[in-house]
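Visitor: show me how the following folds:
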Amino acid sequence: MIPVRHRPPALPGPPASTDPGAPSVGRRRDLLTAGAALLLFAAAAVVGGLLGHGRVLVSWPPLTATWEPHAGPGTPAAVAVAVLVVGYGAAVARRLPWGWLTWSAWATAAAWTWSLALIDGWRRGVAGRLTEPGEYLRGIGHFHDAGSALRGFTGHILAGTPQSWETHVIGHPPLAVLTFVGLDRVGLGGGAWAGAFCITVGSAVVPAVLVTLRALGGGDAGERTARTAAPFLVLTPGAIWVGASADGYFAAVAAWALALLAVAATASSAGRAATAGLGSGLLFGAALYLSYGLVLLVIPALAVLLCAAATRDRGSPGGLPIAVAAALSGVGCAVLSFTLAGFDWWEGYRLLRVRYYQGWGGIRPYAYWVWGNAGATVAAIGLACAAGLRRAVLGAPGAVRRRRAGHVPVETLLPCAMLLALLAADLSGMSKAETERIWLPFTLWLPMTAALLPARDRRGWLIAQATVALLLNHLLLTVW
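Guide: Reported below is the predicted structural model:
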């Protein structure tokens with residue numbers, strides 16, 4: 001996020017605290033919450049280690065990683081990005097014109113993600129990530145005839161079937177692998193291009209969240225919240241798994257589906273509501289065919305519409321229903337296209353559930369992972385986010401009341417919706433391990449809760465976020 005010579009006056013930050021009483025009480029509770037989150041991660045690591053690799057089937061539970069202290073060419077760059085964002089990020093985010101902020105936030109998030117990936121080196125950190133056994137690039141050869149592969153896609157999911165797909169191809173609808181087939185067809189084949197694509201696109205989650213906050217926050221208040229949250233969205237530990245995993249790409253598609261829905265639902269004209277709504281629906285439809293789990297986007301989508309309904313006085317009178325109708329039309333187009341091409345989403349999901357329990361999903365103990373997943377999530381969101389989430393959850397009832405009065409604390413309501421989606425995924429039993437990567441489409445939104453933290457504490461919390469990411473990436477060799 002770079003400063004410019006001509007800039008608008010700085011906007012004040014949003015109200016920070018949801019705690020009654022003295023500020024010191026809220027600060028103490030923030031620190032206790034962060035400490036509890038750290039203890040949860042430690043407990044998951046200790047219990048997972050005692051259970052052993054043969055039971056939990058990850059090398060360094062609760063993360064899919066190995067203990068390997070190391071440094072690499074990305075080390076100085078990662079430290080430099082962290083220092084610059086901690087030192088200047090908040091001030092720059094307050095002063096940049098809005099358009100510059102969104103582009104700068106994307107560029108800075110990409111720099112942070114690239115530098116973290118390159119701590120592992122070019123081959124291990126970027127170019128080789130998506131070429132490992134079981135990854136998408138190993139499945140490209142099956143799609144010389146994409147039409148035939150789509151029509152027979154579900155016939156290669158179950159174990160023991162002839163020419164069973166690679167692990168990640170099995171675990172997702174066909175658009176996931178077709179994305180990399182498309183890159184290969186246009187001359188961008190191989191692991192380096194695939195890794196660069198996932199990092200660049202995955203970093204676009206940050207501007208999508210900023211756009212959503214601004215659209216739903218009720219005018220200047222939404223923009224103030226977005227500007228306050230920007231450095232935390234950029235400097236998230238989750239960037240470790242954005243670079244380079246396909247789930248970072250999935251997260252960006254999901255994020256822009258929600259952002260466009262927010263824009264459509266608060267649009268000042270019917271035309272804009274219809275256009276943005278259709279774009280949102282097409283992206284929601286794409287998300288459904290990238291990952292089965294992204295059907296849970298319906299929960300944050302409803303939260304977006306709930307927030308938008310409270311700001312309807314700022315938009316077109318018929319904007320909200322037009323946005324919803326256009327979005328549903330876009331989803332319908334995506335579903336119809338894949339169905340006519342021969343892929344049955346419901347059949348694919350049914351077979352995947354069978355296949356999941358034929359493999360490691362049937363071995364990994366639910367009793368551990370149902371809470372061990374939360375430990376992995378702590379690593380992905382960081383300690384500042386844990387403290388902010390406490391404020392968001394406690395403030396949710398009051399947020400609903402204020403929504404009825406026309407004020408929309410989206411930084412409270414939307415994270416709670418993301419938590420509900422994660423809870424549903426966790427209880428389903430279809431998310432045992434690897435959630436630091438799989439849950440990116442939801443966890444990358446949670447740093448917005450840092451906007452609820454007291455202004456005088458934010459720099460310290462930002463340092464904590466950067467420290468978590470740097471320690472994890474230098475001490476552990478992550479698989480993704």
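Visitor: give me the residue ranges of this protein where confidence is low.
Guide: Residue ranges of the chain with pLDDT under 70: 1-25, 312-318, 400-408.
Visitor: and G243, what is it in contact with?
Guide: Counting by C-beta atoms under 8 Å, 6 or more residues apart in numbering, G243 touches 113-114, 116-117, 125-126, 195, 198-199, 202. From N, CA and C alone the C-beta is placed, and that goes for glycine too.
Visitor: out of the residues you listed, what pair is the most spread apart?
Guide: G125 and G202 (14.1 Å; C-beta to C-beta).
Visitor: could you find the closest non-adjacent residue to the residue of the chain positioned farthest from its centre?
Guide: Distance from the C-alpha centroid of the chain peaks at P162, with 34.8 Å (C-alpha atoms, centre = their mean). Using C-beta to C-beta, 6 or more residues apart in numbering and skipping the chain neighbours, the partner closest in space to P162 is H156 (7.5 Å).
Visitor: quick one: that neighbour and G202, what's the gap?
Guide: Separation of H156 from G202 (C-beta to C-beta, to the nearest Å) stands at 27 Å.
Visitor: Q163: neighbour count?
Guide: Number of residues near Q163 (other C-beta atoms under 10 Å) recorded here: 8.
Visitor: if we ignore the residues flanking it in sequence, what's nearest it?
Guide: Q163 sits nearest to H156 (C-beta to C-beta, 6+ apart), 5.8 Å away.
Visitor: from F143, how far off is the one you found?
Guide: Noted for H156: a distance of 12 Å to F143, by C-beta to C-beta.
Visitor: neighbour count winner among these two?
Guide: Taking neighbours as other C-beta under 10 Å, H156 and F143 compare with F143 leading, 21 against 18.
Visitor: contact partners for that one?
Guide: For F143, the contacting residues are 149, 177-178, 181, by C-beta under 8 Å, 6+ apart.
Visitor: now render these as JSON lines, adding neighbour count, distance to G217 and secondary structure.
Guide: Shown next, in JSON lines, are those (neighbours: other C-beta atoms under 10 Å; distance: C-beta to C-beta, whole Å; DSSP: H, G, I helix; E, B strand; the rest coil):
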{"residue": "A149", "neighbour count": "21", "distance to G217": "44", "secondary structure": "helix"}
{"residue": "V177", "neighbour count": "28", "distance to G217": "38", "secondary structure": "helix"}
{"residue": "L178", "neighbour count": "23", "distance to G217": "36", "secondary structure": "helix"}
{"residue": "V181", "neighbour count": "21", "distance to G217": "39", "secondary structure": "helix"}
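Visitor: and which of those is nearest G359?
Guide: Each of the contacts of F143 was scored against G359 by C-beta to C-beta, and V177 proved nearest at 18.1 Å.
Visitor: OK, contacts around the closest one?
Guide: 136, 139-140, 143, 168-169.
Visitor: among those residues, which lie within helices?
Guide: Counted as lying in helices by DSSP state H, out of the contacts of V177, are 168-169.
Visitor: what is the helix ranked longest in the chain packed up against?
Guide: In the chain, taking DSSP H as the definition, the longest helix is helix 23-51. Helices and strands touching helix 23-51, by 3 or more C-beta pairs under 8 Å, 6 or more residues apart in numbering; DSSP states H and E, are helix 366-381, helix 383-404.
Visitor: now the angle between helix 383-404 and the shortest one, please.
Guide: Angle, helix 366-381 to helix 383-404, by axes from the mean of the first three to the mean of the last three C-alpha atoms, to 10 degrees: 90 degrees.
Visitor: can you list contacts of helix 366-381?
Guide: Under C-beta under 8 Å, 6+ apart, the answer for helix 366-381 is 37-38, 40-41, 43-45, 47-48, 51, 55-56, 61-63, 236-238, 240-241, 386, 389, 422, 426-427, 429, 431-433, 435-436, 439-440, 443, 446-447, 468, 472.
Visitor: now swap in the last one and tell me
Guide: For helix 383-404, contacts defined as C-beta under 8 Å, 6+ apart pick out 17-19, 26, 29-31, 33-34, 36-38, 232, 236, 306-307, 310, 378, 381, 408-409, 411-413, 415-416, 419, 446-453, 461-462, 464-465, 468.
Visitor: how far off centre is that helix?
Guide: The chain centroid and the centroid of helix 383-404 are separated by 19 Å, computed with C-alpha atoms, centre = their mean, to the nearest Å.
Visitor: cool, and stretch 33-46?
Guide: Centroid separation for stretch 33-46 versus its chain: 22 Å, with C-alpha atoms, centre = their mean.
Visitor: list the buried ones in the longest helix of the chain?
Guide: 26-27, 29-30, 33-34, 37, 40-41, 44-45, 47-48, 51 (16 or more other C-beta atoms under 10 Å).
Visitor: G330 contacts F284, doesn't it?
Guide: Yes - judged on C-beta atoms under 8 Å, G330 makes contact with F284 at a distance of 6.8 Å.
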